[in-house]
Each structure stands twice: as structure tokens, then as C-alpha cells.
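Chemist: The sequence and its predicted three-dimensional model are supplied below.
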There are 2 protein chains.
Amino acid sequence: MKIAYLGPEASFTQLAASQIFENETLVPHSSILDCFNAVKNGEVKKAVVPLENSIEGTVSMTLDYLYDFKNISIEAEVVMPIAHHLLVNKENPEFDTVISHPQALAQCYHSLDKNFKDYTRKDFSSTAAAAKYVSENPDKKIAAIANSYAANLYDLKILKKNIHDFEQNHTRFIVISLTKNSLKLKHKLIGEKTSLIITLPEDHAGGLHQVLSVFAWRKMNLSKIESRTLKTGLGNYFFYINVANEWHPILSENALAELRSIGAEVRFLGHYEEYLVKD
Amino acid sequence: MKIAYLGPEASFTQLAASQIFENETLVPHSSILDCFNAVKNGEVKKAVVPLENSIEGTVSMTLDYLYDFKNISIEAEVVMPIAHHLLVNKENPEFDTVISHPQALAQCYHSLDKNFKDYTRKDFSSTAAAAKYVSENPDKKIAAIANSYAANLYDLKILKKNIHDFEQNHTRFIVISLTKNSLKLKHKLIGEKTSLIITLPEDHAGGLHQVLSVFAWRKMNLSKIESRTLKTGLGNYFFYINVANEWHPILSENALAELRSIGAEVRFLGHYEEYLVKD
């Protein structure tokens, strides 16, 4: 079975995807949009894309495509700790410049300031591309910030492990597909949730409050809520909402029916499980 | 007066910053975090950073730093339409590869498929870096997707104007500083709003609903709401909330007092105006 993931090879998304799908063919795609299109067009069965706090893509793009691609559902969510390492060329470990994706450089900001204060920092399109560049240019005095998978793939030396500033740095990934399945994995189960996309009939005071009332009195806990501007113009929003824990067949379905009856458009993206994988 | 912006030179943020601060010294910074630090350390008076739907940075990072940097407030919000153009070298306009930031390539996805289907697409760390690369490599058959500012700066030919897929593509930028001022601009005023960061005492069912009730019965309309995971670990959240329109001295202050009395932590990021600038 072919699985798309947000590349390039050795990206954090691949690191997650390779743990979710150990025996499948993983196909790198160069953007989140390409991953969605590959699923839509049937080139792959599923795709793994970052949803939150990602180093390579932004939350907002994934949310926007979940809105745009009406037939795509979520099968599972996977949480992975993000560990950044400082990698150098084995032949020439000297460096005066550190290269990586701007978000990786930002996540190692204080650590770099403390240990490599006057070294130049340079942006690359991804952490993996930076690692590849170090491996291909032994004549240059450069180091890359990337993950352990990239260190292995490009045969680089890990000069300093875990140079990220915050211990609690996780990225959430989702598995998307055209089926309405919920994926079962052998990894550590940390929860279950339901994702909805809700569009209000018009932007009026308390509209969101009315929507949340529907969940609140039923004790349905919202674990994530995010408003996104619709592409139809400024001032129009949709809401991406996660309801934590089980999806009660009567209570939950009634909640959706009530939302629709007040004129809200509700899309059910899936009820699925959340797993923790290793970095 | 020195103003930091998210660079590099010719980024969309510079395009916005140059319209907000016409006669000030604009200083590029390589990450959103660098912009926040420059304000905090007094190296600059203010900074312009992307907040929503940006091509260069992510919403989430700006929100996280607004949470982290306790003394930084918002002085104004600026909305700018995003227009992407296809730029080629004047000496060698031939190309078989299109380079740009992955989000810019994604925003021109259908247009590229229609007009330049079999051309290779390659990621760059920013649209401006891609434009610069085209100008410096007339021997290579490449075109860049970037803005008109980059076309001028790097003396490139605009081969195809407005190749983005959606007309309604805007980016929101905020002006941040250590003062509690509200900035008055001569651009088109499109609204006023108040930004708050609210942290709930604990993650309990209906907690967010209780918070929103405080605003709802007072007819205070929320124009943006976003939950973000705290760096203290998964499952802890803060909420970034925008209240539209005027900030009523009694109603609004009472709302905040009530929120604090139920144990929520509330930070007032500023009451400020929203302007529209040109692309």
C-alpha cells in the first residue's frame, strides 16, 4: 500500500510515518497540498501530514485543506516528540555556520546563543535539506540542525544531541484517507477524539457561544478549537473543533443535528484514536 | 526609529512594513523569534510580524511568542492582499524549473498545473531568496514565484502576473512593541479589536464555554479564537481571542474581572485598529 508523507526524505513527517506504517511504501510529497491531492486522486491510499507545532508545515494549511477537500477524513492522530541534533560532516567536522529550517533554528535559539554565539545562522527549506547539503559539501564549514534519521541517512556525525530549548516539544500528525476508518496502531494509545469543521451561518455576536453550548451541557469536552478565515474573504470563518473522548451515539449525533438546525454547516472529519510514537 | 521585520529583504512582511512605516529604518530579522527578542532587548522600537495565513512564517509561532513575551503588546493589525508573480531573469527568460517557498508554490498549485504542468518545482526558504537566486544565476533555466517588490529589487522580468489560485488571499500582520500604544495609520481603517490571551485553570468539560459566556451575554463578538498547546506539556492550552469592535470601559473590564475570579489567567495584549494596505 502506498502512503504519501510531507517530504523531503528524512523529514520529521517521515520519521512519524515510518513508525505508523512499518511495512508500507512511503512516498515523499513536496507540500501538504500534494499529499491531499495524492489521496484525492487515488495515487496513494493514505497520507501523513503535520497538524500542530510542526517544523515543516503549518497548522493553518492542513486545516484549510481539511476544509477544502470534502471527501477526506482523519483516521488517526500521532504525537511525536521533536528532538533536534547538531550534525557535522564526518570528514570535516569544523564549522562556522549553522544551517536549518527557520523554525528549527528558532527552536534551538537559546542553545545556539549559549554554545555557538557568533556562528552565522542560515535558513534552509527543511531540516533534511540542510543535512543533505552538509553531507554533499565537505569542503564547507557548516553544521546542520536536523533529526537522527537525517544523521543516519546522510552519514553525518551527531556533534551535540538534543540542542532544542524546550523539552516538551511535540508535533501532532494526522493520517488522512478517503475511507471512514479509524486506524488501530500498536503504539501507546493516549486518547480518542472526534474532529469537526463547523461553519456558522453568519458572523454574529455570540454565534460561537451558541455552538459551544450544544457541547457544554452534554459535558462534551473540547480539546482544540481554532477559527480560520474562509477563502471567500476576510471576516468569514470556519471552526476546527476536537471533541475529546468517546463519541456517544445518541448525545453526539443529537448535538450535530441541533447545530445543523440552527443553520450551522457541520462536517464530521472522523472519530479516531491518538497515539504516542518515539522520536 | 528602528523597526524590525521578518526578512529577508523583499519578503511580504517587508512589503507590509514599508507601508506602515514609510520614513523609518526597517531592519530585517531572520525569524519571528528574532523580531520579538529585538523588541524585548530594545534594539528596535517596534516589529512587524505575520499573524495569519502567512507565506513566510506560521501563525502558531507568533501566537506562542505573544504568550511567552509577557511585556509585549500589539499596536496595530494590517491586512495585505498577497499577489504572486512568476519572475524570470531578463538576460535569460527561459526556464524549466519554478522555485519558491513551499507555501507560495502551494498557493499557485492549480495555476502552475494549468500553465507549466511538466516543469519541476523546487522549494526555497523564502520567495525573496528564490527571486535573488534567479537574478544571480542567469545561466540556469529557472523562474521564481515572488512579489513585485522582489521583482524590482532583483531586476527581474514579470513573465506572468497574479499566478495565485485564489483571489481572496490576504495576510494579517501585527505591529508589536513594549508600549501600550495604539498606532494610528493613514491607511484604510477596516475595524478595531482587542486581543486577549486566556489560560484556563484546568482542562475541564465546558471550561471554554464558561469563558465565552462572559463575552456572549455582553454582546461582545469574538472574531478569532485559537487554542494552543502550552510548552509545559500536551493537554494544557491557552486561548488567543480577538474581541471585535470597541472596548467598553465598564462591560469589558468587568468581563476580564469575572474571568479572573473564576481562576482564568487573562492577559490584555492591546486594543488597536486594523488597516488595509496595498499589495
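Modeler: Looks like it came in fine.
Chemist: Let me see the ranges of the helices in chain A.
Modeler: Secondary structure of chain A (DSSP state H): helices located at A:12-20, A:32-40, A:59-68, A:102-107, A:109-115, A:127-136, A:148-153, A:207-216, A:251-261.
Chemist: hmm, the longest one in reach of chain B?
Modeler: So that's helix A:251-261. No. Using Cβ under 8 Å from any Cβ of the partner chain, helix A:251-261 never reaches chain B; the gap is at least 12.3 Å. No exception for glycine: its C-beta is placed from N, CA and C like everyone else's.
Chemist: buried set for that helix?
Modeler: Residues of helix A:251-261 classed as buried: A:S252, A:A255, A:L256, A:E258, A:L259 (neighbour count, 16 or more other Cβ atoms under 10 Å in any protein chain shown).
Chemist: any weak-confidence spans in chain A?
Modeler: Applying pLDDT under 70 to chain A flags residues A:53-58, A:168, A:202-206, A:231-236.
Chemist: got the domain boundaries for it?
Modeler: If you go by automatic domain parsing, the domain ranges for chain A are A:2-81+A:170-273, A:85-160.
Chemist: Show me the one of those domains that comes nearest B:S60.
Modeler: domain A:2-81+A:170-273 (5.5 Å; Cβ to Cβ).
Chemist: so how far is the first residue of that closest one from its last?
Modeler: 21 Å (Cα to Cα, to the nearest Å).
Chemist: okay, now A:T229: neighbour count?
Modeler: Other residues near A:T229 come to 21 when the count uses other Cβ atoms under 10 Å in any protein chain shown.
Chemist: Report the contact partners of the spatially most central residue of chain A.
Modeler: For chain A, A:P50 is the residue whose C-alpha lies nearest the centre (Cα atoms, centre = their mean; 1.5 Å). Neighbour list for A:P50: A:L6, A:F12, A:T13, A:I32, A:E56, A:G57, A:V59, A:T62, A:T171, A:R172, A:F173 [criterion: Cβ atoms under 8 Å, 6 or more residues apart in numbering or on different chains].
Chemist: now the last one, which residues is it bridged with?
Modeler: With DSSP bridges applied, the residues forming beta bridges to A:F173 are A:P50, A:V78.
Chemist: didn't it look like it was pressed against A:E75?
Modeler: No. Using Cβ atoms under 8 Å, A:F173 is not in contact with A:E75, being 11.3 Å away.
Chemist: Between those two, which has more neighbouring residues?
Modeler: A:F173 (29 against 22).
Chemist: what residues are up against the more buried one?
Modeler: By Cβ under 8 Å, 6+ apart, the contact list for A:F173 reads A:13, A:16-17, A:20, A:48-51, A:54, A:77-80.
Chemist: how about the residues of the stretch 51-200 of chain A that lie near chain B?
Modeler: Applying Cβ under 8 Å from any Cβ, we find that the stretch 51-200 of chain A lies next to chain B at A:52-53, A:57-61, A:79, A:101-103, A:105-106, A:109, A:121, A:123-126, A:129, A:166, A:168-170, A:190.
Chemist: Make a ChimeraX selection of whichever of those residues turn out to be buried.
Modeler: Listed next is the ChimeraX selection for buried residues among those, using 16+ other Cβ under 10 Å:
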select /A:52,53,57,58,59,60,61,79,101,102,103,105,106,109,121,123,124,125,126,129,169,170
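Chemist: How about residues contacting stretch A:102-119?
Modeler: Outside stretch A:102-119, the residues that touch it by Cβ under 8 Å, 6+ apart are A:54-56, A:82, A:84, A:95-98, A:100, A:121, A:123, A:127, A:145-146, A:160, A:163-166, A:169, B:30-34, B:37, B:57-58, B:61, B:125.
Chemist: oh sorry, the question was meant for stretch A:251-269
Modeler: Applying Cβ under 8 Å, 6+ apart, the contact partners of stretch A:251-269 are A:66, A:70, A:73-74, A:194-201, A:210-211, A:214-215, A:218, A:220, A:243.
Chemist: Next, check those residues against the strands and list the overlap.
Modeler: Using DSSP state E, the members of the contacts of stretch A:251-269 that fall within strands are A:S73, A:I74, A:T194, A:S195, A:L196, A:I197, A:I198, A:T199, A:V243.
Chemist: of those, buried ones?
Modeler: A:S73, A:I74, A:T194, A:S195, A:L196, A:I197, A:I198, A:V243.
Chemist: Give the closest residue to A:K161 in space, chain neighbours not counted.
Modeler: Spatial nearest neighbour of A:K161, excluding adjacent residues (Cβ to Cβ, 6 or more residues apart in numbering or on different chains): A:H85 at 5.2 Å.
Chemist: re the thing from before, can you put the helices of chain A in JSON lines and add distance to A:N181?
Modeler: As requested, the helices of chain A are exported to JSON lines (distance: least, Cβ to Cβ, whole Å):
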{"stretch": "helix A:12-20", "distance to A:N181": "14"}
{"stretch": "helix A:32-40", "distance to A:N181": "13"}
{"stretch": "helix A:59-68", "distance to A:N181": "16"}
{"stretch": "helix A:102-107", "distance to A:N181": "32"}
{"stretch": "helix A:109-115", "distance to A:N181": "41"}
{"stretch": "helix A:127-136", "distance to A:N181": "30"}
{"stretch": "helix A:148-153", "distance to A:N181": "27"}
{"stretch": "helix A:207-216", "distance to A:N181": "25"}
{"stretch": "helix A:251-261", "distance to A:N181": "18"}
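Chemist: Would you mark the buried spots in stretch A:138-153?
Modeler: Buried residues in stretch A:138-153, counted by 16+ other Cβ under 10 Å: A:I142, A:A143, A:A144, A:I145, A:A146, A:N147, A:S148, A:Y149, A:A150, A:A151, A:L153.
Chemist: pull the CA atoms of it into PDB?
Modeler: What follows is stretch A:138-153, C-alpha atoms only, in PDB (Å, rounded to 0.1, in the frame of the first residue of the first chain):
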ATOM      1  CA  PRO A 138      32.600  18.500   3.000                       C
ATOM      2  CA  ASP A 139      34.700  21.500   1.800                       C
ATOM      3  CA  LYS A 140      32.400  24.000   3.500                       C
ATOM      4  CA  LYS A 141      32.500  24.800   7.200                       C
ATOM      5  CA  ILE A 142      28.800  24.100   8.000                       C
ATOM      6  CA  ALA A 143      26.700  22.200  10.500                       C
ATOM      7  CA  ALA A 144      23.000  21.300  10.200                       C
ATOM      8  CA  ILE A 145      20.200  21.100  12.700                       C
ATOM      9  CA  ALA A 146      18.200  18.000  11.900                       C
ATOM     10  CA  ASN A 147      16.800  14.800  13.300                       C
ATOM     11  CA  SER A 148      18.600  11.400  13.900                       C
ATOM     12  CA  TYR A 149      17.000   9.900  10.800                       C
ATOM     13  CA  ALA A 150      18.800  12.500   8.700                       C
ATOM     14  CA  ALA A 151      22.000  11.900  10.500                       C
ATOM     15  CA  ASN A 152      21.900   8.200   9.600                       C
ATOM     16  CA  LEU A 153      20.600   8.700   6.000                       C
END
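Chemist: where's the residue nearest to A:K180 when sequence neighbours are not counted relative to B:K180, distance?
Modeler: Distances taken as Cβ to Cβ, 6+ apart place A:S73 nearest to A:K180, at 5.5 Å, with adjacent residues excluded. Per Cβ to Cβ, to the nearest Å, A:S73 is found 46 Å from B:K180.
Chemist: Also A:C35?
Modeler: A:C35 is 43 Å from B:K180, by Cβ to Cβ.
Chemist: the more surrounded of those two?
Modeler: More neighbours surround A:C35 than the other of A:C35 and B:K180, with 29 against 12 (other Cβ under 10 Å).
Chemist: residue contacts, the closest residue to that one other than its chain neighbours?
Modeler: Counting by Cβ to Cβ, 6+ apart, A:C35 lies nearest to A:A47, which is 4.0 Å off, once chain neighbours are set aside. Residues counted as contacts of A:A47 (Cβ under 8 Å, 6+ apart) are A:I3, A:A4, A:Y5, A:H29, A:C35, A:F36, A:A38, A:V39, A:V175, A:I176, A:S177.
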